[in-house]
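Q: quick one, what's the 3D model for this:
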Amino acid sequence: MDFPVSLDSYQRVRLPSSLSFLTHLLLLLHPGEMHSEEVRVIGHGEPILAHVGDEVEFSCHLSPYRDAEHMEIRWFRSQASDVVHLYRERQEFYGQQMAQFQNRTELVTDEIADGSVTLRLHPVVPADEGPYGCRFLSSDFTGEAVWELEVAGLGSDPHISLEGFKQGGIQLRCSSSGWYPKPQSQWRDHQGRCLPPETEVIVKDAQDLFSLETSVVVQGGTHSNVSCSIQNPLLGQKKEFVVQIAEKLKKQAEKDRGKLTEELGKLQVELDWRRAEGQAEWRAAQQHAVDVTLDPGSAHPSLEVSEDGKSVSSRRMAPGSADGDPQRFSEQMCVLSRERFSTGRHYWEVHVGRRSRWFLGACLAAVPRVGQARLSPAGGYWVMGLWNGCEYFVLDPHRVALTMRVPPRCVGIFLDCEAGKLSFFNVSNGSHIFTFTDTFSGTLCAYFRPRAHDGSEHPDPLTICPLPVREKRIPEEEDSDTWLQPYEPSDPALAVW
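A: Purely as a prediction, here's the structure:
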């Protein structure tokens, strides 16, 4: 009784009565199991290899052929409960489908009457890698087939960049992305010899694809070829890029030169814009020109004020008595203006010529006169100056160096009492130099300090420049001096500031 027995042979062959009875009894007890011995589910015998982003097909069929239209057909991952796709009684059910496969599967049932079906999965992603199976189930039959899906991704072409000079050689960097599984890299010289990498970093992105970045330092032979290859170990395929270092250096130099030209162009545009803005600010300040004169009574004995009160110079002093550190205000060799400013906007210009030392600005009118204690720069002085013909600076309250593209031969000073601002302009090119922003706690006056004679070839005096002044004078009730209020033009276009 060890020869094959089936339902069909039972119907066609006359058996001995005892054997016929036993076979009939087995069929009644286990009809499905007896029939399943002759029907098998055929799937993929070998692992399937799919590329990232492509479409893969899972095909299954019954052998021998049998109509599966009314069966349940289930594709699954690892175990039957991990549903990839479910077909039952001529319908597709998506309620039990795993989330990662939703909207990615398509069932082909053109040959289901012959027991053959195909499931398409697209696009393939690295997470799809692993075991799969299909199961056929009916009232009298159950069977399944399993197989393995392997996923591979061939990444982007390598890109080599020249990073510069390092350790006596040239550093190259090679990068590529979109690989799966983890790729392998290799540097080689023009003779095919392996070059040890300086660094190698491999990271995985959100899609489980690998990106690789590796660098090498090439010593000598800068005109030779160097290659970077990246290989997929599963596919046995690689991508390679060969670079000629001399050509790379040339292109890098051209790129750097182009980038520098572009940056210089942007800088020039910004400088032109700032210059135009500064010139507009300067021209607006000139609308508030006032007539400023020097007060001989406020002058230090070492200073000589002209009869018209428009210029001041320093007398030659005895050796050892020269004006000292530009940040020291213990000996104030200065002269103040007759005018006092407490409100409004006021602009004046001072010709400094080619003097190598000077201070200009404004100070509180309450500064004590010569022979008395002086205030510190932070206590009532807002000035800028030149030291030894090469260093421009302001005291804010500490010394802050200034950079001048064009040395000023004439300095414009603009005081806005209400805004608490004192600005300096280079009249030579109309550019803005510096602006103090402070709260003026009292009446101000213009400040002039030509510095002690330093033996320079150009001991020019500090001279107040004549300007077209549009003003009205209003006497102060409590002071014999006067303060100036600029004339406000009726034309709104002239009121720029």
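Q: following whichever strand or helix holds Ile160 in sequence, what is the next regular element?
A: In this assignment (DSSP states H and E), Ile160 forms part of strand 159-166. The first helix or strand that comes after strand 159-166 along the chain, using DSSP H and E, is strand 169-179.
Q: list the helices and strands the biggest helix by length in the chain packs on?
A: In the chain, assigned by DSSP state H, the helix with the most residues is helix 245-286. The helices and strands touching helix 245-286, judged by 3 or more C-beta pairs under 8 Å, 6 or more residues apart in numbering; DSSP states H and E, are strand 159-166, strand 169-179, strand 345-351, strand 410-416, strand 421-426, strand 431-437. C-betas here are computed from N, CA, C, even on glycine.
Q: now those strands as a markdown table including distance to Lys251 and mean pLDDT?
A: Formatted as a markdown table, the helices and strands packed on helix 245-286 follow (distance: least, C-beta to C-beta, whole Å; pLDDT from 0 to 100):
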| stretch | distance to Lys251 | mean pLDDT |
| --- | --- | --- |
| strand 159-166 | 8 | 88 |
| strand 169-179 | 13 | 93 |
| strand 345-351 | 53 | 96 |
| strand 410-416 | 49 | 95 |
| strand 421-426 | 42 | 94 |
| strand 431-437 | 39 | 92 |
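Q: and Lys239, which of the ones you listed is closest to it?
A: strand 169-179 (7.0 Å; C-beta to C-beta).
Q: which residue packs closest to Val83, ignoring adjacent ones?
A: Gln96 (4.4 Å; C-beta to C-beta, 6 or more residues apart in numbering).
Q: any low-confidence regions in the stretch 301-450 of the chain?
A: Where the stretch 301-450 of the chain drops to pLDDT under 70, the residues are 316-332, 367-379, 397.
Q: where exactly do the strands run in it?
A: Counting by DSSP state E, counting those that start in this stretch, the stretch 301-450 of the chain has these strands, from start to end: 303-305, 311-314, 335-336, 345-351, 358-364, 381-387, 391-395, 399-402, 410-416, 421-426, 431-437, 444-449.
Q: buried sites along stretch 246-263?
A: Of all the residues in stretch 246-263, those buried under the rule 16 or more other C-beta atoms under 10 Å are Lys248.
Q: bridged to the nearest residue to Glu391 once chain neighbours are set aside, which residues?
A: Spatial nearest neighbour of Glu391, chain neighbours left out: Ala401 (6.6 Å); criterion: C-beta to C-beta, 6+ apart. Taking DSSP bridges as the rule, Ala401 bridges to Phe393.
Q: hmm, Tyr392 and Ala401 touching each other?
A: Yes: using C-beta atoms under 8 Å as the test, Ala401 is close enough to Tyr392 to be in contact (7.2 Å).
Q: between the two, which has more neighbouring residues?
A: Tyr392 (20 against 9; other C-beta atoms under 10 Å).
Q: Val400 is in contact with the more buried one, correct?
A: No: using C-beta under 8 Å, Tyr392 makes no contact with Val400, being 9.9 Å away.
Q: can you check the pLDDT for the residue nearest to Val83?
A: At Gln96, the predicted lDDT confidence score is 93.
Q: and it, how many neighbours?
A: Gln96 has 13 nearby residues by other C-beta under 10 Å.
Q: do the same with Arg135
A: 18.
Q: contacting residues for the residue nearest to it when sequence neighbours are not counted?
A: Closest residue to Arg135 apart from its sequence neighbours, by C-beta to C-beta, 6+ apart: Glu144 at 3.9 Å. Counting by C-beta atoms under 8 Å, 6 or more residues apart in numbering, Glu144 touches Val41, Ala80, Gly133, Cys134, Arg135, Phe136.
Q: per-residue pLDDT, Glu144?
A: 95.
Q: that one: which element?
A: Using DSSP H and E, Glu144 falls within strand 141-152.
Q: direction included, what does that strand pair against?
A: Paired strands of strand 141-152, with direction, are strand 48-51 (parallel), strand 130-138 (antiparallel) (DSSP bridges).
Q: what's the angle from that strand to strand 169-179?
A: Angle of strand 141-152 versus strand 169-179, following axes from the mean of the first three to the mean of the last three C-alpha atoms, to 10 degrees, is 160 degrees.
Q: wait, isn't Tyr65 in contact with Glu111?
A: No: using C-beta under 8 Å, Tyr65 is not in contact with Glu111, being 9.1 Å away.
Q: what is the burial count for Val335?
A: Neighbour tally, Val335, other C-beta under 10 Å: 24.
Q: let me see the contact set for the closest residue in space to it that isn't next to it in sequence.
A: What sits nearest to Val335 in space, not counting adjacent residues and going by C-beta to C-beta, 6+ apart, is Ala299, at 3.9 Å. Going by C-beta under 8 Å, 6+ apart, Ala299 touches Val305, Val312, Cys334, Val335, Val370.
Q: could the residues you listed be laid out in TSV, adding distance to Glu213?
A: Below are the contacts of Ala299 laid out as TSV (distance: C-beta to C-beta, whole Å):
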residue	distance to Glu213
Val305	73
Val312	68
Cys334	64
Val335	68
Val370	72
